[in-house]
Each structure stands twice: as structure tokens, then as C-alpha cells.
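*Asks:* got a predicted model here, sequence first, then my questions.
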Amino acid sequence: MTYFRAIDPFPLESADQNKLHEFYEYLAAGRLVTTCCTACRRLAWPPRGFCSECVADQFEWVDLPHEGTVHGFSIQETGVPAGFQVPLVFAIVKVGGLRIFGPIVGADLAALSVGDAVRFAPIRVADDPKGGARHLVAFAPAARPA
């Protein structure tokens, strides 16, 4: 049997609702982390409550580098979700051997290209129903050497 995996951009971040709730606390603190299986040491992205390799359900949080490179991107000019700037750039970014999907903020669209260096730059998105801050993985162009 095949199971499909998806990551909700506005997940339930409560410890009562989500085994991975700490991920969002780390984002709010400016840390890019993911899960590492304690049995076979496999890193997962997006973070997972069980290992897709050995099916163990014990994991630890590990920090990922904040630097990455653009593997591919697309520019969305219509149908952009509320609260996001138009145009919205979505990218697959290579970070520490993983490929992470997220928006790139503050990019010069005329100059953006595959292979560009980017840096982790979490963004605050719509607050939860109780007014708590929510954050999303995002990237920004890395400073170019002078």
C-alpha cells in the first residue's frame, strides 16, 4: 500500500494535535531543524513522526545549515494565498543533502536563477485562531560577496 505525504502550510501546532509541534517553535526561534530517526539515523524532510526507511517512531531534532542553493523555482502571479506578496516565488532549495520546498522572499526576479545561494529566513504567516504567531520555512537571497 502506498501512502502520500503532504505538509500543511498552516498545520495544527498544538502538542495536543501534532507530534511534531516543536518544529514550529524552532521556526519561531529562527532555527531550521528536521527529524532524525534514532534507530537508523535517516534524516527526513519534511519532519516526520516515523521513519520511512525503518518505520521506527522515535526521532530527535537536528539543526540544518541555514545556507542552501536554489535547485528549481517557479513564480506565481495569480491565485496567491492571502497574506503573501505578489508575485510569489516558490523554490526547491538544497540544504544539507535535503531538498526543501518553500518561498523565496526579497528576491530580484530578473536576477534569480538556479544555483543561487539562499539563506533560511522564516516568515510569520497568519496567526492561529487564538492569536498565536505562526511561522513558515522560507529563504532569502544570500548576500553576494563584494
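*Replies:* Done, it's in. Numbers count the residues shown, from 1 in each chain.
*Asks:* check contacts around residue 106.
*Replies:* Contact partners of residue 106, counting by C-beta atoms under 8 Å, 6 or more residues apart in numbering, are 121, 140, 141. Using the backbone N, CA and C atoms, a C-beta is placed for each residue, glycine as well.
*Asks:* need the per-residue pLDDT for the second one.
*Replies:* The per-residue pLDDT reported for residue 140 equals 97.
*Asks:* hang on, isn't it packed against residue 121?
*Replies:* Yes: between residue 140 and residue 121 there is a contact at 3.9 Å, judged by C-beta atoms under 8 Å.
*Asks:* now the buried members of the contacts of residue 106.
*Replies:* Neighbour counting with 16 or more other C-beta atoms under 10 Å marks 121, 141 as buried within these.
*Asks:* still on that earlier bit, anything in contact with each of residue 140 and residue 121?
*Replies:* Listed as contacting both residue 140 and residue 121 by C-beta under 8 Å, 6+ apart are 105, 106.
*Asks:* take the contacts of residue 106 and keep only those in strands.
*Replies:* In strands, defined here by DSSP state E, the members of the contacts of residue 106 are 140, 141.
*Asks:* in TSV: the contacts of residue 106, plus distance to residue 56.
*Replies:* Putting the contacts of residue 106 into TSV (distance: C-beta to C-beta, whole Å) gives the following:
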residue	distance to residue 56
121	32
140	35
141	38
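*Asks:* closest to residue 58 among the contacts of residue 106?
*Replies:* Closest approach between the contacts of residue 106 and residue 58, by C-beta to C-beta: residue 121, at 30.9 Å.
*Asks:* next, give phi and psi for the closest one.
*Replies:* Taking degrees, to the nearest 10, you get phi -150, psi 80 for the backbone angles of residue 121.
*Asks:* that one reaches residue 139, doesn't it?
*Replies:* Yes: between residue 121 and residue 139 there is a contact under C-beta under 8 Å: 5.8 Å.
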